[in-house]
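Peer 1: Give me the fold of what follows.
(chains A, B and C)
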Amino acid sequence: MPAPTLRLRGFDIHKQYLDPAAQKALIDALRPVLKAAPLFSPTTRFGKQMSVRMTSAGKYGWYSDARGYRYESHHPNGQPWPAIPDPVLAIWHDVTGHDRTPDCCLINYYGDGARMGMHQDRDEADFTWPVLSVSLGDDGLFRIGNEERGGKTESIWLESGDVVLMGGAARLIHHGVDRIRAGSSRLLPKGGRINLTCRVVD
DNA sequence: AAGTATCA
DNA sequence: CATC
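Peer 2: Sure thing, here's the model as predicted:
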């Protein structure tokens, strides 16, 4: 369990946890996952489509539609989600210190202009398990708020290779992504930002 | 409200 | 940036 380089409102931020070679290896490992489980943009229960495109790997995938947020065992194409790639699991085990494997690796893709509103991760059964976030590609402006909606917030630019651990008292803190710095990274040939979030669901 | 528009 |  490496020491975080930075702590912000209870979030452990590991700046540049992954070197460029490790980032590249991760992208290579994600390629077959994205091929088997293509990105899609879910809608919220108010009928608004999200600007972020997403898919998942693991036992469950995060999903939203008119019925609300939930975890699903299958991609909308009817297939089970692909397995979580080993390099992702290795990061989870090292940074969290947990032997238990995550049930879900949500893969969020932010193109230029994509945003994620402030929210809590609360669709899991047990909030004592942390959520792990891995940033790849373009920089993203990450905003951290409070357990209650509203109030003052703090922002930090997350860069390719940064890893954030959201756990303990900070597990239910609101967070979101305000903007993407398009073209800031060459990691992804087509540009954009990929964020992986690993969670224990059951 | 994992959203958007509006306001100071 | 706060509020809805």
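
Peer 1: Just give me how far the helix of greatest length in chain A sits from the chain centre.
Peer 2: Secondary structure assigned by DSSP state H gives helix A:20-36 as the longest helix of chain A. Here helix A:20-36 is found 15 Å from its chain centre; the criterion is Cα atoms, centre = their mean, to the nearest Å.

Peer 1: Which secondary structure elements does that helix sit against?
Peer 2: Other helices and strands packing on helix A:20-36, by 3 or more Cβ pairs under 8 Å, 6 or more residues apart in numbering; DSSP states H and E, are strand A:53-58, helix A:86-96, strand A:104-110, strand A:131-137. The C-beta positions use only the backbone N, C-alpha and C, and glycine is treated the same way.

Peer 1: in the sheet, who's paired with A:Gln49?
Peer 2: A:Thr43 (DSSP bridges).

Peer 1: quick revisit: dump the helices and strands packed on helix A:20-36 into TSV; add mean pLDDT, distance to DNA strand C and mean neighbour count as well.
Peer 2: Shown next, in TSV, are those (pLDDT from 0 to 100; distance: least, Cβ to the nearest atom of the strand, whole Å; neighbours: other Cβ atoms under 10 Å):
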stretch	mean pLDDT	distance to DNA strand C	mean neighbour count
strand A:53-58	97	22	23
helix A:86-96	98	29	18
strand A:104-110	97	18	24
strand A:131-137	97	20	25
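
Peer 1: Quick check: which element contains the residue nearest the centre of chain A?
Peer 2: Nearest to the mean C-alpha position of chain A, by Cα atoms, centre = their mean, lies A:Thr197 at 2.9 Å. Assigned by DSSP states H and E, A:Thr197 falls within strand A:193-199.

Peer 1: List the contacts of that strand.
Peer 2: Residues outside strand A:193-199 that contact it (Cβ atoms under 8 Å, 6 or more residues apart in numbering) are A:27, A:30, A:84, A:88, A:91-92, A:102-110, A:114, A:121, A:124, A:129, A:131-140, A:158, A:177, A:180, A:185, A:188.

Peer 1: just stretch A:25-32 next, same as before
Peer 2: Residues from elsewhere that reach stretch A:25-32 (Cβ under 8 Å, 6+ apart): A:18, A:82, A:85-88, A:107, A:134, A:136, A:187-188, A:194.

Peer 1: ok, how many other residues are close to the closest residue to A:Leu89 other than its chain neighbours?
Peer 2: Of all residues beyond its chain neighbours, the one nearest A:Leu89 is A:Thr101 (6.2 Å), with distances taken as Cβ to Cβ, 6 or more residues apart in numbering. The local packing of A:Thr101 (other Cβ atoms under 10 Å) involves 13 other residues.

Peer 1: how far does stretch A:137-146 stretch from start to finish?
Peer 2: 27 Å (Cα to Cα, to the nearest Å).

Peer 1: pLDDT weak spots in chain A?
Peer 2: Along chain A, no part satisfies pLDDT under 70.

Peer 1: how much space is there between the residue in it sticking out farthest from the centre and A:Arg171?
Peer 2: Going by Cα atoms, centre = their mean, the residue of chain A most distant from its centre is A:Gly151, 23.4 Å out. To A:Arg171, A:Gly151 is 17 Å away according to Cβ to Cβ, to the nearest Å.
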